[in-house]
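**Student:** Pasting the sequence and the predicted coordinates here, then a few questions.
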Amino acid sequence: MRSSLLALALAVSPSVATAEPLNVVASFSILADMVQQVGGEEVRVTSLVGPGEDAHVYEPVPTDVVAVAGADLVIVNGLGFEGFMSRLIAASETQAPVIVATTDMDVLGVTRLVEDDHDDHAHDDHAHDDHAHDDHAHDDHPHDDHAHDDHAHDDHAHDDHNHGPIDPHAWQSLEAAKLYVLNIQVALCAAREESCDVFNRNAAAYVADLTELESEWQAAIGEIPQEERVVITSHDAFGYLARDFDLTMFAAQGMSTNSEASAADIASLIDQIRDTGARALFLENVSDPRLLEQIADETGLEVSGTLYSDALETEGEASTYLGMMDANLRAIRQALTVQN
């Protein structure tokens with residue numbers, strides 16, 4: 001009788017029968033959604049930089065220190081994206097593993113390193129060798145204490161919001177997103193081995209969704225003539241998207257929204273718009289629209305809409321990573337085909 005009562009108590013008492021969700025801190029909203037998709041009900045995810053917020057200019061607050069200190073696992077993008085993380089991790093004295101979601105990523109280099117170099121804003125040739133950054137590669141043990149990843153926690157002798165020679169916006173590639181998912185899956189399994197089967201199933205389903213969306217848009221964008229795939233954006237955040245879909249993308253600012261476009265930058269961009277006949281110009285959800293609006297006025301080019309670069313939205317179609325990527329590609333296709 002007592003054993004029957006104990007079994008019943010275990011069945012109806014979640015606090016007894018089920019372990020508490022794994023407490024995971026992600027550095028920004030896009031990464032937090034990926035973690036949630038893989039972790040499901042087994043995780044409780046906190047995003048330091050929330051939906052609609054710009055990680056390029058983010059400054060940690062005291063509650064961030066508390067969140068990181070109490071985390072079971074911290075997951076960051078790396079590649080120099082989160083300049084604030086090294087200070088935050090040190091201040092929190094967290095004992096949680098710090099995992100770099102872009103470990104083993106085939107990264108892009110920055111095409112514009114100095115203000116007076118206006119010759120190559122585009123990503124059609126990427127002005128780099130994809131494999132030329134082996135010196136930045138991670139070792140084979142990304143889950144050692146705090147993952148000691150140079151890109152995640154060093155300032156690279158730059159300020160907190162300067163990304164150095166690496167383009168950190170790898171999430172703009174649906175193909176790269178699959179590696180994010182794998183690294184998250186491995187990290188969650190290491191943190192909670194007993195839930196690994198759940199993480200593996202969730203990750204497999206998520207990768208299938210990413211692959212389906214990628215195939216759908218490869219076909220759709222592929223119908224647009226190559227010379228017409230020219231897109232103007234606020235800051236240089238879409239290099240990976242450009243690589244995957246053979247787009248030519250020009251940006252008014254550099255890799256960070258915290259950078260300022262010089263008069264020469266703006267003049268060069270206007271020349272490129274006129275030379276290429278570009279007709280798709282997009283604002284971004286985390287960028288000041290005034291510069292792009294000025295360029296639109298000077299070129300007579302209408303604003304095509306908004307692209308989601310570095311953050312999700314709180315609600316709506318871009319409140320998840322998959323929804324955000326679908327919305328971006330749909331907007332680009334519509335803008336490039338509206339006059340065809």
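**Tutor:** Yes, it's here. Since the structure is predicted, the reported quantities are computational estimates derived from the model, not experimental observations.
**Student:** give me the number of residues near the residue lying closest to residue 49 once chain neighbours are set aside?
**Tutor:** Once flanking residues are discounted, residue 49 sits nearest to residue 28: 4.0 Å by Cβ to Cβ, 6 or more residues apart in numbering. Any C-beta I mention is one placed from the backbone N, CA and C, and that applies to glycine too. Residues lying near residue 28 (other Cβ atoms under 10 Å) number 24.
**Student:** for the one 10 residues further on, same thing?
**Tutor:** Other residues within reach of residue 38, judged by other Cβ under 10 Å, total 29.
**Student:** That one: helix or strand, and which one exactly?
**Tutor:** helix 29-39 (DSSP states H and E).
**Student:** Over to residue 236?
**Tutor:** Of the helices and strands defined by DSSP H and E, none includes residue 236.
**Student:** In this structure it contacts residue 269, no?
**Tutor:** No - with contact defined as Cβ atoms under 8 Å, residue 236 does not count as touching residue 269 (11.2 Å).
**Student:** Could you give the secondary structure assignment for the closest residue to residue 187 other than its chain neighbours?
**Tutor:** Closest residue in space to residue 187, ignoring its immediate chain neighbours: residue 99 at 4.2 Å, by Cβ to Cβ, 6+ apart. When classified by DSSP: H, G, I helix; E, B strand; the rest coil, residue 99 comes out as strand.
**Student:** and the residue nearest to residue 49, what does it touch?
**Tutor:** By Cβ atoms under 8 Å, 6 or more residues apart in numbering, the contact list for residue 28 reads 47-49, 53, 55, 77, 81-82, 310-311.
**Student:** Wait, residue 172 touches residue 241, no?
**Tutor:** Yes - between residue 172 and residue 241 there is a contact at 4.3 Å, judged by Cβ under 8 Å.
**Student:** Can you list the low-confidence ranges for the stretch 101-250 of the chain?
**Tutor:** 111-164 (pLDDT under 70).
**Student:** quick one: the helices in it?
**Tutor:** All helices of the stretch 101-250 of the chain, identified by DSSP state H, counting those that start in this stretch, fall at 150-153, 174-191, 196-222, 239-245.
**Student:** Residue 95 is nearest to which of these?
**Tutor:** Of all the helices of the stretch 101-250 of the chain, it is helix 174-191 that lies closest to residue 95, at 12.3 Å by Cβ to Cβ.
**Student:** The closest one - contacts with which helices or strands?
**Tutor:** The contact analysis (3 or more Cβ pairs under 8 Å, 6 or more residues apart in numbering; DSSP states H and E) places helix 174-191 against strand 22-28, helix 29-39, strand 73-76, strand 98-100, helix 196-222, helix 239-245, helix 321-337.
**Student:** Using CSV, write out every CA atom in the second one.
**Tutor:** So that's helix 29-39. Coordinates of each C-alpha in helix 29-39 appear next as CSV, following Å, rounded to 0.1, in the frame of the first residue of the first chain:
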residue,chain,number,x,y,z
SER,A,29,17.7,36.7,-28.7
ILE,A,30,18.5,34.8,-31.9
LEU,A,31,20.8,32.4,-30.0
ALA,A,32,18.3,32.1,-27.2
ASP,A,33,15.6,30.9,-29.6
MET,A,34,17.9,28.3,-31.0
VAL,A,35,18.7,27.0,-27.5
GLN,A,36,15.0,26.9,-26.7
GLN,A,37,14.2,24.9,-29.9
VAL,A,38,16.9,22.3,-29.0
GLY,A,39,16.3,22.2,-25.3
